[in-house]
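>>> Dropping a prediction and its sequence here:
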Amino acid sequence: EPDEHAPSTTREVALLYACPNCGIPMNSVTSAPQIASSKSSASCSNCGVRFGRVRGLNGVPDLTYAASRTRDVIPLLRARSPARQELFRSPIVSWLYERGWRDQFASSGFPGIEEEFELMLEWFRKKQALAAACDENADAKLHGVALDLSCGSGLMVRRMLRSGVFVDRLVALDYSESMVRETVLRFDQPYEIRGSSSAFIRSERTNTCVDVIRGDASRLPFAECSVSWIHSGAAMHCWPVVQDALAECHRVLQPGGAMFATTFLWPVRALRRGAPRDIRFFGQEELHLLFRAAGFREVSVERRRNCAIIRAAKT
(Lines give C-alpha, C1' and ligand atoms only; values in the text may rest on other atoms or scores of the structure.)
Protein backbone atom coordinates (compact mmCIF):
# COMPACT_ATOMS: atom_id res chain seq x y z
CA GLU A 1 0.00 0.00 0.00
CA PRO A 2 1.24 3.56 -0.66
CA ASP A 3 2.60 5.46 2.34
CA GLU A 4 -0.30 7.26 3.97
CA HIS A 5 1.91 10.24 4.80
CA ALA A 6 3.59 10.49 1.39
CA PRO A 7 3.07 13.61 -0.75
CA SER A 8 -0.15 13.49 -2.72
CA THR A 9 1.63 13.25 -6.06
CA THR A 10 3.41 10.10 -4.91
CA ARG A 11 0.14 8.45 -3.95
CA GLU A 12 -1.46 9.52 -7.24
CA VAL A 13 1.34 7.97 -9.31
CA ALA A 14 1.23 4.78 -7.22
CA LEU A 15 -2.49 4.34 -7.92
CA LEU A 16 -2.33 5.39 -11.57
CA TYR A 17 -3.13 2.17 -13.41
CA ALA A 18 -6.35 0.17 -13.43
CA CYS A 19 -7.57 -2.86 -15.34
CA PRO A 20 -9.36 -1.61 -18.50
CA ASN A 21 -11.88 -4.44 -18.15
CA CYS A 22 -13.05 -4.21 -14.51
CA GLY A 23 -11.53 -0.88 -13.43
CA ILE A 24 -9.81 -2.26 -10.31
CA PRO A 25 -6.68 -0.17 -9.56
CA MET A 26 -3.24 -1.73 -9.71
CA ASN A 27 -0.08 -0.14 -8.35
CA SER A 28 1.97 -0.49 -11.54
CA VAL A 29 1.85 -2.16 -14.92
CA THR A 30 4.61 -4.59 -14.02
CA SER A 31 4.07 -5.60 -10.39
CA ALA A 32 1.31 -4.95 -7.87
CA PRO A 33 -0.81 -6.77 -5.31
CA GLN A 34 -3.74 -6.91 -7.74
CA ILE A 35 -1.81 -8.08 -10.78
CA ALA A 36 0.21 -11.20 -11.43
CA SER A 37 2.92 -10.44 -13.98
CA SER A 38 5.73 -12.05 -15.90
CA LYS A 39 8.06 -10.99 -18.69
CA SER A 40 5.52 -11.96 -21.32
CA SER A 41 2.11 -11.30 -19.78
CA ALA A 42 0.12 -10.07 -16.81
CA SER A 43 -3.34 -10.84 -15.49
CA CYS A 44 -5.83 -8.98 -13.33
CA SER A 45 -6.43 -10.99 -10.18
CA ASN A 46 -9.93 -9.52 -9.87
CA CYS A 47 -11.46 -10.39 -13.27
CA GLY A 48 -8.80 -12.74 -14.66
CA VAL A 49 -8.21 -10.80 -17.88
CA ARG A 50 -4.69 -11.35 -19.23
CA PHE A 51 -2.52 -8.70 -20.87
CA GLY A 52 0.64 -9.16 -22.89
CA ARG A 53 3.46 -6.99 -24.18
CA VAL A 54 3.81 -5.15 -27.46
CA ARG A 55 5.47 -7.53 -29.90
CA GLY A 56 9.19 -6.87 -30.13
CA LEU A 57 9.11 -4.57 -27.07
CA ASN A 58 8.94 -6.82 -24.02
CA GLY A 59 9.19 -3.82 -21.69
CA VAL A 60 6.04 -2.16 -23.07
CA PRO A 61 2.73 -3.51 -21.75
CA ASP A 62 -0.26 -3.96 -24.04
CA LEU A 63 -3.18 -2.79 -21.89
CA THR A 64 -5.87 -2.91 -24.56
CA TYR A 65 -8.91 -5.03 -23.85
CA ALA A 66 -8.69 -6.43 -27.39
CA ALA A 67 -5.21 -7.78 -26.65
CA SER A 68 -6.61 -9.67 -23.68
CA ARG A 69 -8.96 -11.63 -25.96
CA THR A 70 -6.94 -12.33 -29.13
CA ARG A 71 -3.42 -11.89 -30.39
CA ASP A 72 -2.95 -9.42 -33.22
CA VAL A 73 -1.38 -11.75 -35.77
CA ILE A 74 -2.38 -9.77 -38.87
CA PRO A 75 -4.07 -6.67 -37.40
CA LEU A 76 -4.65 -4.83 -40.67
CA LEU A 77 -6.45 -7.82 -42.25
CA ARG A 78 -8.65 -8.95 -39.38
CA ALA A 79 -9.41 -5.59 -37.71
CA ARG A 80 -12.89 -4.19 -37.86
CA SER A 81 -11.96 -0.76 -36.58
CA PRO A 82 -12.40 2.27 -38.86
CA ALA A 83 -9.70 2.76 -41.48
CA ARG A 84 -8.82 6.13 -39.94
CA GLN A 85 -7.62 4.22 -36.87
CA GLU A 86 -6.11 1.21 -38.61
CA LEU A 87 -4.10 3.42 -40.98
CA PHE A 88 -1.76 4.44 -38.17
CA ARG A 89 -1.09 0.82 -37.19
CA SER A 90 0.83 0.52 -40.44
CA PRO A 91 4.61 0.48 -39.86
CA ILE A 92 5.06 2.53 -43.04
CA VAL A 93 2.78 5.34 -41.86
CA SER A 94 4.37 5.30 -38.39
CA TRP A 95 7.83 5.54 -39.97
CA LEU A 96 6.70 8.45 -42.15
CA TYR A 97 4.94 10.37 -39.36
CA GLU A 98 7.92 12.53 -38.36
CA ARG A 99 9.42 12.34 -41.83
CA GLY A 100 6.96 14.74 -43.46
CA TRP A 101 3.51 13.32 -42.67
CA ARG A 102 2.87 15.47 -39.57
CA ASP A 103 4.33 18.57 -41.23
CA GLN A 104 1.52 18.54 -43.81
CA PHE A 105 -0.97 19.48 -41.07
CA ALA A 106 0.42 23.03 -41.02
CA SER A 107 -1.44 23.79 -44.25
CA SER A 108 -4.71 23.13 -42.36
CA GLY A 109 -3.80 25.56 -39.59
CA PHE A 110 -2.29 23.18 -37.05
CA PRO A 111 0.39 24.80 -34.87
CA GLY A 112 3.89 23.40 -35.03
CA ILE A 113 5.06 21.25 -32.15
CA GLU A 114 6.79 24.16 -30.37
CA GLU A 115 3.79 26.46 -30.58
CA GLU A 116 1.41 23.67 -29.56
CA PHE A 117 3.61 22.91 -26.56
CA GLU A 118 3.58 26.56 -25.47
CA LEU A 119 -0.20 26.86 -25.89
CA MET A 120 -0.72 23.67 -23.90
CA LEU A 121 1.67 24.81 -21.17
CA GLU A 122 -0.08 28.18 -20.86
CA TRP A 123 -3.45 26.43 -20.40
CA PHE A 124 -2.19 23.88 -17.89
CA ARG A 125 -0.36 26.49 -15.80
CA LYS A 126 -3.46 28.67 -15.74
CA LYS A 127 -5.55 25.78 -14.39
CA GLN A 128 -2.90 24.76 -11.84
CA ALA A 129 -2.68 28.33 -10.54
CA LEU A 130 -6.46 28.52 -10.29
CA ALA A 131 -6.64 25.23 -8.38
CA ALA A 132 -3.91 26.39 -6.00
CA ALA A 133 -5.53 29.83 -5.61
CA CYS A 134 -2.29 31.58 -6.50
CA ASP A 135 -0.99 33.88 -9.22
CA GLU A 136 -0.04 32.25 -12.51
CA ASN A 137 3.72 31.68 -12.73
CA ALA A 138 5.24 31.53 -16.21
CA ASP A 139 8.04 29.32 -14.88
CA ALA A 140 5.93 27.04 -12.67
CA LYS A 141 6.49 23.30 -12.72
CA LEU A 142 3.47 21.10 -13.36
CA HIS A 143 2.75 18.39 -10.79
CA GLY A 144 0.83 15.15 -11.15
CA VAL A 145 0.58 12.64 -13.96
CA ALA A 146 0.54 14.00 -17.53
CA LEU A 147 -0.86 11.81 -20.31
CA ASP A 148 -0.01 12.20 -24.00
CA LEU A 149 -3.04 10.41 -25.41
CA SER A 150 -2.68 8.96 -28.92
CA CYS A 151 0.96 10.00 -28.71
CA GLY A 152 1.86 8.90 -32.24
CA SER A 153 5.63 8.68 -32.63
CA GLY A 154 6.20 10.47 -29.33
CA LEU A 155 6.81 13.91 -30.82
CA MET A 156 5.06 15.81 -28.00
CA VAL A 157 5.99 13.57 -25.07
CA ARG A 158 9.68 14.01 -25.94
CA ARG A 159 9.16 17.78 -25.92
CA MET A 160 7.34 17.56 -22.58
CA LEU A 161 10.16 15.53 -21.06
CA ARG A 162 12.86 17.78 -22.48
CA SER A 163 11.20 20.88 -20.99
CA GLY A 164 11.67 19.73 -17.40
CA VAL A 165 8.30 21.30 -16.57
CA PHE A 166 6.46 18.03 -15.87
CA VAL A 167 8.15 16.83 -12.71
CA ASP A 168 6.22 13.72 -11.62
CA ARG A 169 5.34 11.28 -14.39
CA LEU A 170 4.57 11.30 -18.10
CA VAL A 171 2.60 8.57 -19.85
CA ALA A 172 2.72 8.07 -23.63
CA LEU A 173 -0.20 5.95 -24.86
CA ASP A 174 -1.18 4.90 -28.36
CA TYR A 175 -3.37 2.19 -29.87
CA SER A 176 -0.95 1.58 -32.74
CA GLU A 177 1.76 -0.96 -31.97
CA SER A 178 4.02 0.54 -34.64
CA MET A 179 3.59 4.05 -33.21
CA VAL A 180 4.50 2.72 -29.76
CA ARG A 181 7.67 1.24 -31.28
CA GLU A 182 8.52 4.58 -32.90
CA THR A 183 8.01 6.33 -29.57
CA VAL A 184 10.43 4.02 -27.77
CA LEU A 185 13.03 4.03 -30.55
CA ARG A 186 13.04 7.81 -30.83
CA PHE A 187 14.01 8.29 -27.20
CA ASP A 188 17.77 8.73 -27.25
CA GLN A 189 20.44 9.91 -24.84
CA PRO A 190 20.22 11.37 -22.24
CA TYR A 191 17.26 9.02 -21.82
CA GLU A 192 17.72 5.54 -20.44
CA ILE A 193 15.47 2.85 -21.88
CA ARG A 194 14.73 0.30 -19.18
CA GLY A 195 14.45 -3.43 -19.80
CA SER A 196 11.51 -5.79 -19.69
CA SER A 197 11.12 -5.64 -15.93
CA SER A 198 10.48 -1.88 -15.96
CA ALA A 199 8.23 -0.52 -18.68
CA PHE A 200 9.39 3.06 -18.62
CA ILE A 201 11.98 5.51 -19.83
CA ARG A 202 13.75 7.79 -17.38
CA SER A 203 15.38 11.13 -18.09
CA GLU A 204 18.76 11.18 -16.39
CA ARG A 205 18.62 14.97 -16.53
CA THR A 206 15.27 15.58 -14.80
CA ASN A 207 14.63 12.17 -13.16
CA THR A 208 11.13 12.24 -14.66
CA CYS A 209 9.78 8.86 -15.75
CA VAL A 210 7.91 8.24 -18.99
CA ASP A 211 5.69 5.17 -19.15
CA VAL A 212 5.15 3.98 -22.73
CA ILE A 213 2.12 1.73 -23.13
CA ARG A 214 -0.32 0.48 -25.72
CA GLY A 215 -3.86 1.40 -24.75
CA ASP A 216 -7.30 2.23 -26.08
CA ALA A 217 -8.68 5.76 -25.72
CA SER A 218 -12.16 4.31 -25.20
CA ARG A 219 -10.98 2.03 -22.34
CA LEU A 220 -8.17 3.92 -20.65
CA PRO A 221 -6.16 1.70 -18.27
CA PHE A 222 -6.10 4.29 -15.49
CA ALA A 223 -7.84 4.67 -12.17
CA GLU A 224 -10.55 7.27 -11.72
CA CYS A 225 -9.21 10.78 -10.99
CA SER A 226 -5.58 9.65 -11.36
CA VAL A 227 -4.36 11.99 -14.14
CA SER A 228 -3.77 15.74 -13.88
CA TRP A 229 -3.10 16.74 -17.49
CA ILE A 230 -4.08 15.28 -20.88
CA HIS A 231 -2.68 16.29 -24.25
CA SER A 232 -4.05 14.82 -27.48
CA GLY A 233 -2.59 16.33 -30.62
CA ALA A 234 -4.10 15.71 -34.07
CA ALA A 235 -5.76 12.52 -32.85
CA MET A 236 -9.47 12.83 -32.07
CA HIS A 237 -10.43 12.45 -35.72
CA CYS A 238 -8.85 8.95 -35.61
CA TRP A 239 -10.83 7.71 -32.60
CA PRO A 240 -13.59 5.23 -33.57
CA VAL A 241 -16.05 6.42 -30.87
CA VAL A 242 -15.14 9.96 -29.85
CA GLN A 243 -17.80 10.32 -27.15
CA ASP A 244 -16.58 7.20 -25.34
CA ALA A 245 -12.96 8.38 -25.41
CA LEU A 246 -13.88 11.84 -24.09
CA ALA A 247 -15.94 10.28 -21.30
CA GLU A 248 -12.85 8.25 -20.38
CA CYS A 249 -10.70 11.39 -20.39
CA HIS A 250 -13.14 13.05 -18.00
CA ARG A 251 -13.24 9.96 -15.77
CA VAL A 252 -9.46 9.70 -15.32
CA LEU A 253 -8.86 13.45 -14.86
CA GLN A 254 -8.65 14.79 -11.33
CA PRO A 255 -11.00 17.66 -10.39
CA GLY A 256 -9.17 20.79 -11.51
CA GLY A 257 -7.31 18.81 -14.19
CA ALA A 258 -7.20 20.01 -17.77
CA MET A 259 -7.13 18.70 -21.33
CA PHE A 260 -5.60 20.29 -24.44
CA ALA A 261 -6.34 18.84 -27.88
CA THR A 262 -6.16 19.63 -31.58
CA THR A 263 -8.17 18.05 -34.39
CA PHE A 264 -9.63 18.72 -37.84
CA LEU A 265 -12.61 20.97 -38.53
CA TRP A 266 -14.84 20.85 -41.58
CA PRO A 267 -13.22 23.13 -44.19
CA VAL A 268 -16.49 23.98 -45.98
CA ARG A 269 -20.00 23.20 -44.73
CA ALA A 270 -21.08 22.00 -48.18
CA LEU A 271 -18.43 19.28 -48.13
CA ARG A 272 -20.30 17.44 -45.37
CA ARG A 273 -22.73 16.05 -47.93
CA GLY A 274 -21.30 13.03 -49.70
CA ALA A 275 -18.08 12.89 -47.69
CA PRO A 276 -16.72 9.37 -47.08
CA ARG A 277 -18.13 8.02 -43.84
CA ASP A 278 -14.74 6.93 -42.58
CA ILE A 279 -13.20 10.41 -42.73
CA ARG A 280 -13.95 12.36 -39.54
CA PHE A 281 -14.16 16.13 -39.40
CA PHE A 282 -15.85 18.18 -36.67
CA GLY A 283 -17.82 21.39 -36.37
CA GLN A 284 -16.97 23.87 -33.60
CA GLU A 285 -20.36 23.55 -31.96
CA GLU A 286 -20.20 19.76 -32.32
CA LEU A 287 -16.95 19.70 -30.35
CA HIS A 288 -18.50 21.86 -27.63
CA LEU A 289 -21.40 19.43 -27.37
CA LEU A 290 -19.16 16.34 -27.34
CA PHE A 291 -17.00 17.67 -24.52
CA ARG A 292 -19.97 18.83 -22.48
CA ALA A 293 -21.72 15.51 -22.95
CA ALA A 294 -18.58 13.83 -21.59
CA GLY A 295 -18.86 15.88 -18.40
CA PHE A 296 -16.55 18.85 -19.08
CA ARG A 297 -18.13 22.12 -17.96
CA GLU A 298 -15.35 24.44 -19.09
CA VAL A 299 -14.72 24.12 -22.83
CA SER A 300 -13.37 26.47 -25.47
CA VAL A 301 -12.84 25.67 -29.15
CA GLU A 302 -10.58 28.00 -31.14
CA ARG A 303 -10.63 27.83 -34.92
CA ARG A 304 -7.48 28.20 -37.00
CA ARG A 305 -8.49 27.56 -40.57
CA ASN A 306 -9.36 23.84 -40.53
CA CYS A 307 -7.82 23.14 -37.14
CA ALA A 308 -9.65 23.15 -33.81
CA ILE A 309 -7.65 23.98 -30.68
CA ILE A 310 -9.61 22.71 -27.70
CA ARG A 311 -9.10 23.66 -24.06
CA ALA A 312 -11.20 21.84 -21.48
CA ALA A 313 -11.13 21.44 -17.72
CA LYS A 314 -12.80 19.18 -15.18
CA THR A 315 -14.41 21.08 -12.33
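Looks like it arrived, so ask away.
>>> Out of the helices and strands in this structure, which is least certain?
Here the helix or strand of the chain ranked lowest by mean pLDDT, DSSP states H and E is strand 35-37, holding a mean of 36.
>>> how much space between I213 and S300?
I213 is 30 Å from S300, where distance means C-beta to C-beta, to the nearest Å. Heads up, the C-betas are built off the backbone N, CA and C, glycines and all.
>>> Please name every helix or strand in contact with the strand or helix carrying F51.
Using DSSP states H and E, F51 sits in strand 50-54. Counting contacts by 3 or more C-beta pairs under 8 Å, 6 or more residues apart in numbering; DSSP states H and E, strand 50-54 packs against strand 42-44, strand 57-62, helix 65-69, helix 177-186.
>>> Which one of the ones you listed lies nearest to E116?
In terms of C-beta to C-beta, the element of the helices and strands packed on strand 50-54 nearest to E116 is helix 177-186, at 17.1 Å.
>>> contacting residues for V157?
148, 151, 170, 172, 183, 210 (C-beta atoms under 8 Å, 6 or more residues apart in numbering).
>>> one step back: I213 and S300: who's more crowded?
Using other C-beta atoms under 10 Å as the criterion, I213 and S300 rank with I213 on top: 25 against 13.
>>> Burial check on I92, number of neighbours?
Neighbours of I92 (other C-beta under 10 Å): 9.
>>> Mind listing residues that contact the host helix or strand of F124?
Using DSSP H and E, the element containing F124 is helix 113-131. Helix 113-131 is contacted by residues 110-111, 135-138, 140, 142-143, 155-156, 159-160, 163, 165, 229, 231, 233, 256-258, 260, 262, 309, 311, 313 when judged by C-beta under 8 Å, 6+ apart.
>>> Just the buried residues from the residues you listed, in ChimeraX please.
In ChimeraX, this line selects whichever of the contacts of helix 113-131 come out buried by 16 or more other C-beta atoms under 10 Å:
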select :110,111,140,142,143,155,156,159,160,165,229,231,233,257,258,260,262,309,311,313
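>>> Show only the entries of the contacts of helix 113-131 found in helices.
If you go by DSSP state H, the contacts of helix 113-131 have 155-156, 159-160, 163 in helices.
>>> From D216, how far off is V210?
On the measure of C-beta to C-beta, V210 and D216 end up 19 Å apart.
>>> just E286 next, same as before
Per C-beta to C-beta, E286 is found 23 Å from D216.
>>> neighbour count winner among these two?
Taking neighbours as other C-beta under 10 Å, E286 and D216 compare with D216 leading, 23 against 15.
>>> Give me the local confidence score for that one.
pLDDT for D216: 94.
>>> so W229 sits right up against Q254, yeah?
No. Between W229 and Q254 there is no contact under C-beta atoms under 8 Å: 9.4 Å.
>>> Now for those two: what residues contact both?
Counting by C-beta under 8 Å, 6+ apart, the contacts common to W229 and Q254 are G144.
>>> Lowest average confidence across the helices and strands packed on strand 50-54, which one?
If you rank the helices and strands packed on strand 50-54 by mean pLDDT, helix 65-69 sits at the bottom with a mean of 63.
>>> how much space between the most centrally placed residue in the chain and F260?
Note on the chain: the residue nearest the mean C-alpha position is L149, at 1.4 Å, using C-alpha atoms, centre = their mean. The gap separating L149 from F260 is 10 Å, by C-beta to C-beta.
>>> try K314
13 Å.
>>> With F222 instead?
F222 is 18 Å from F260, by C-beta to C-beta.
>>> quick one: contacts for the closest residue to V54 other than its chain neighbours?
Nearest non-adjacent residue to V54, counting by C-beta to C-beta, 6 or more residues apart in numbering: V60, 4.4 Å away. For V60, the contact set (C-beta under 8 Å, 6+ apart) comprises 53-54, 180, 184, 199, 212-214.
>>> Reformat these into JSON lines and put distance to C238 next to each item.
JSON lines is the format used below for the contacts of V60 (distance: C-beta to C-beta, whole Å):
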{"residue": "R53", "distance to C238": "23"}
{"residue": "V54", "distance to C238": "19"}
{"residue": "V180", "distance to C238": "15"}
{"residue": "V184", "distance to C238": "20"}
{"residue": "A199", "distance to C238": "24"}
{"residue": "V212", "distance to C238": "19"}
{"residue": "I213", "distance to C238": "18"}
{"residue": "R214", "distance to C238": "15"}
